[in-house]
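**Q** What follows is a predicted protein model with its sequence.
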There are 2 protein chains.
Amino acid sequence: MSSINEIAKQFVEYYYQAFDADRRNLAPLYRPMSMMTWENISLKGADAIIEKLTSLPFQRVAHKITTIDAQQSLPGVNAIIILVTGQLLVDEETKPQQFSQTFQLVEDSGFFVYNDVFRLNYA
Amino acid sequence: MSSINEIAKQFVEYYYQAFDADRRNLAPLYRPMSMMTWENISLKGADAIIEKLTSLPFQRVAHKITTIDAQQSLPGVNAIIILVTGQLLVDEETKPQQFSQTFQLVEDSGFFVYNDVFRLNYA
């Protein structure tokens, strides 16, 4: 299990660093078959996903990861399911918002995002 | 996509109703290969999962679902990835705790839980 957890940790740290630095950097992590659900909005494919992420209505964002849990997905393909919980701060806000995000990563040349579901957690 | 969302909604509503009524009712939803991660604890198989769920240190619990998002998982098998966010109240507590839970359901005779990751979201 440790290699799954290590892959998940490396991916998640890279993902949010790239997200916070420049969301366009996330494009190589998605493929044409990638799915994203972003707060009720369903997107398919790297182009649609990056267009959505780069058009989110804030200039700056900082993610802080609270937990990363990973499990092996279905047999027959090297795939990992990850649940991330954390907090994010946008622009000038001082009160962090909690979020949850589920990924399924699939390995080809490297790992790419097959499934991606993002939700803010409102109290 | 609507059938995936419908299956997810039916499963999630059934799951938490069964959880809140009697956690032993969840046993038929798991298989020997099912995985659960419960707040850092990794479990494998229906028996270990139900033993953990039925030994959680509260008598009563009530889950309230806030969001349910579902996506088709990998091709080649009928599998669905779900992210649930919600709140739960245990015993005499009056302040709900937020939680996030990721499921991967796989269809055989019905849908069973292949992956299950549960996290409380601390503010």
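**A** On my side now, so go ahead.
**Q** what about the helices in chain A?
**A** Secondary structure of chain A (DSSP state H): helices at A:2-21, A:46-54.
**Q** Mind putting those helices into CSV with mean pLDDT, mean neighbour count and distance to chain B?
**A** Yep, even glycine has a C-beta here, placed from its N, CA and C like the rest. Listed next are these as CSV, based on pLDDT from 0 to 100; neighbours: other Cβ atoms under 10 Å in any protein chain shown; distance: least, Cβ to the nearest Cβ, whole Å:
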stretch, mean pLDDT, mean neighbour count, distance to chain B
helix A:2-21, 95, 15, 10
helix A:46-54, 97, 16, 13
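**Q** Using a markdown table, please lay out those helices together with distance to A:Val106.
**A** A markdown table is the format used below for the helices of chain A (distance: least, Cβ to Cβ, whole Å):
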| stretch | distance to A:Val106 |
| --- | --- |
| helix A:2-21 | 12 |
| helix A:46-54 | 14 |
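**Q** Chain B contacts on chain A?
**A** Counting by Cβ under 8 Å from any Cβ of the partner chain, chain A comes close to chain B at A:1, A:35, A:37, A:40, A:42, A:66-67, A:69, A:71-74, A:76-77, A:79, A:81, A:83, A:85, A:98, A:100-102, A:104, A:106, A:114-115, A:117, A:119, A:121-123.
**Q** hmm, which of those are the buried ones?
**A** The neighbour-count test (16 or more other Cβ atoms under 10 Å in any protein chain shown) marks A:35, A:37, A:67, A:69, A:71, A:73-74, A:79, A:81, A:83, A:85, A:98, A:100-102, A:104, A:106, A:114-115, A:117, A:119, A:121 as buried among the residues of chain A next to chain B.
**Q** Just the ones of these in strands?
**A** A:35, A:37, A:67, A:69, A:71, A:79, A:81, A:83, A:85, A:98, A:100-102, A:104, A:106, A:114-115, A:117, A:119, A:121 (DSSP state E).
**Q** Kindly state the beta-bridge partners for whichever residue of chain A sits closest to chain B.
**A** Of the residues in chain A, the one nearest chain B is A:Ser100, at a distance of 3.8 Å by Cβ to the nearest Cβ. Counting by DSSP bridges, A:Ser100 is bridged to A:Thr85, A:Arg119.
**Q** I'd say it and A:Val84 touch.
**A** Yes - at 7.0 Å, A:Ser100 and A:Val84 qualify as touching, with contact defined as Cβ atoms under 8 Å.
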